[in-house]
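A predicted structure for the sequence below; I have some questions about it.
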Amino acid sequence: SKPSLFVSGVNVLNRICETAVSTHRLLVCFVRLNALLDKVGHLAERNELIADNLIVGKETHSAYSWKKLHMKRRAIRKYAEELFTKFDMRGAGVHTRVGSLSGGNMQKVVVARELTKGAKLIIANQPTRGVDVGASEFIRQQLINLRDQNKGILLITSDLNEVLGLADSLIVMYEGKIVA
């Protein structure tokens, strides 16, 4: 039989890697962190400002745009500054281009944006690969906080320390089959 993953009664397995609009409509958040250079639409855009990256998927929300035509720059800046502080981002500020940030701070931009969308299920694929120890611990703590809020988290990782530190239960897969 074909594998499936149901969220709120909808099979989302084949939709996880589709555009951000599709997945967020289902309130599924796919956080493929260590993939900033991939061509998936919901990853950090290196040439854009931090503030603009942080509202991706929320651009038409009335808090950030007027009748979906005009961006409310002051509201966007205020929201971005709150996330900048809450997620301990380092840099010149929310009007800094994402591409000028360190790898760990780029990851934090993606984490801040994706984990504040109210998703019921977070799929975190290699969430701390390639980031410094401080950023790694911060990202892990954010996932723990979401777990404590009764959010579902599917952690995909090859890092045994990450598995032991974050997982409540685990499945080991080899060549596409569950082996343990």
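In hand now; what should we look at? Numbering: from 1, shown residues only.

lowest average confidence, helix or strand, in this structure?
Ranking every helix and strand in the chain by mean pLDDT, DSSP states H and E puts helix 20-25 at the bottom, with a mean of 37.

hey, C-alpha coordinates of the lengthiest helix in the chain in CSV?
As assigned by DSSP state H, the longest helix anywhere in the chain is helix 133-148. Taking Å, rounded to 0.1, in the frame of the first residue of the first chain, the C-alpha atoms of helix 133-148 are listed here in CSV:
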residue,chain,number,x,y,z
VAL,A,133,26.6,24.8,19.1
GLY,A,134,24.7,27.9,20.3
ALA,A,135,22.3,27.9,17.4
SER,A,136,21.9,24.2,17.6
GLU,A,137,20.8,24.3,21.2
PHE,A,138,18.5,27.2,20.5
ILE,A,139,16.7,25.3,17.7
ARG,A,140,16.4,22.2,19.8
GLN,A,141,14.9,24.2,22.6
GLN,A,142,12.3,25.8,20.2
LEU,A,143,11.3,22.3,19.1
ILE,A,144,11.0,21.2,22.8
ASN,A,145,8.8,24.3,23.5
LEU,A,146,6.5,23.3,20.7
ARG,A,147,6.3,19.8,21.9
ASP,A,148,5.3,21.1,25.3
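
what's it in contact with?
Residues lying outside helix 133-148 but in contact with it, judged by CB atoms under 8 Å, 6 or more residues apart in numbering, are 33, 87-88, 103-105, 107-108, 111, 115, 122, 124, 127-128, 131, 153, 155, 162, 165-166, 168. C-beta here means a position set from N, CA and C on the backbone, and glycine is covered the same way.

Could you do stretch 64-78 as well?
Contact partners of stretch 64-78, identified using CB under 8 Å, 6+ apart, comprise 51-52, 54-55, 58-60, 63, 79, 94-95.

And those residues, which of them are buried?
A residue is treated as buried here by neighbour count (16 or more other CB atoms under 10 Å); on that basis the buried members of these are 51-52, 54-55, 58, 79, 94.
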